[in-house]
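Undergrad: Requesting a structural model of the entry that follows:
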Amino acid sequence: MPPADASALHDLYHTHNGWLKTWLRARLGNSSDAADLAQDTFLRVLTARNVDAIREPRTYLSSIARALMIDRFRRRAVEQAYLDVLALRPEALDISPETRLLILETLTAVDAMLDEMGPRTRTIFLAVQLEGLSYVATAERLAVSVTTVKKHMIRAMTQCLMLVED
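TA: Residues are numbered from 1 along each chain as shown. Down below sits the predicted model:
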């Protein structure tokens, strides 16, 4: 990092870090999580762009922090859903921490993939894959053609294959 960029980042951090932590603490209700997210926010700034180009620092920082909060909430929701399902299982499961982490990472990736799909593609994909509806039944339910269902399923399955390759 050139000295000018380091100086600009230093100034940005010292000028806005306290404000950002307060802003995050008000939304998270936890100063520890707020401090972590503030650090993650400045890490994103460090890796994302020229600090001198930032015109409205608080708007920019709060935008990054908001996205990081959403990611954190989404991940916690997926983890909680996983734990809820485990709690409903009658037999005790002894899952290693590595396997648990792998399962949570996979669920988070699937959740993100579903979030990236358009609403119609996601609805069609879930109807076919989770509810077990046929293409015809899905088309009737959504008042679209079977060709439309096929087109959206191809799109969704392509995203699934891309996820598997990653």
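Undergrad: what about the residue most central in space within the chain, distance to residue 64?
TA: With distances taken as C-alpha atoms, centre = their mean, the chain has residue 71 as the residue nearest its mean C-alpha position (4.0 Å). With the distance defined as C-beta to C-beta, to the nearest Å, residue 71 ends up 11 Å from residue 64. (C-beta placed from N, C-alpha, C; glycine too.)
Undergrad: Name the helix or strand for the residue nearest to residue 120 when sequence neighbours are not counted, please.
TA: Nearest non-adjacent residue to residue 120, counting by C-beta to C-beta, 6 or more residues apart in numbering: residue 152, 6.1 Å away. Here residue 152 sits within helix 146-165, counting by DSSP states H and E.
Undergrad: If we go by neighbour counts, what in that helix is buried?
TA: Within helix 146-165, the residues that count as buried by 16 or more other C-beta atoms under 10 Å are 148, 149, 152, 153, 156, 159.
Undergrad: Return the closest of those residues with respect to residue 33.
TA: residue 159 (31.1 Å; C-beta to C-beta).
Undergrad: from what I can see that closest one touches residue 117, true?
TA: Yes - the criterion here is C-beta atoms under 8 Å, and residue 159 meets it with residue 117 at 6.4 Å.
Undergrad: ok, how many other residues are close to residue 111?
TA: Residue 111 has 15 neighbours, counted by other C-beta atoms under 10 Å.
Undergrad: how much space is there between it and residue 133?
TA: On the measure of C-beta to C-beta, residue 111 and residue 133 end up 21 Å apart.
Undergrad: got a list of what the residue nearest to residue 120 touches?
TA: By C-beta atoms under 8 Å, 6 or more residues apart in numbering, the residues touching residue 152 are 120, 121, 124, 125.
Undergrad: Pull the distance from the host helix or strand of residue 120 to the chain's centre.
TA: Here residue 120 sits within helix 119-129, counting by DSSP H and E. Per C-alpha atoms, centre = their mean, to the nearest Å, the displacement of helix 119-129 from the mean C-alpha position of its chain is 19 Å.
Undergrad: Next: stretch 89-106.
TA: Relative to its parent chain, stretch 89-106 has a centroid offset of 21 Å by C-alpha atoms, centre = their mean.
Undergrad: Buried residues, it. List them.
TA: Buried, per 16+ other C-beta under 10 Å, within stretch 89-106: nothing.
Undergrad: Mind listing residues that contact it?
TA: Residues contacting stretch 89-106 (C-beta under 8 Å, 6+ apart): 75, 78, 79, 82, 86.
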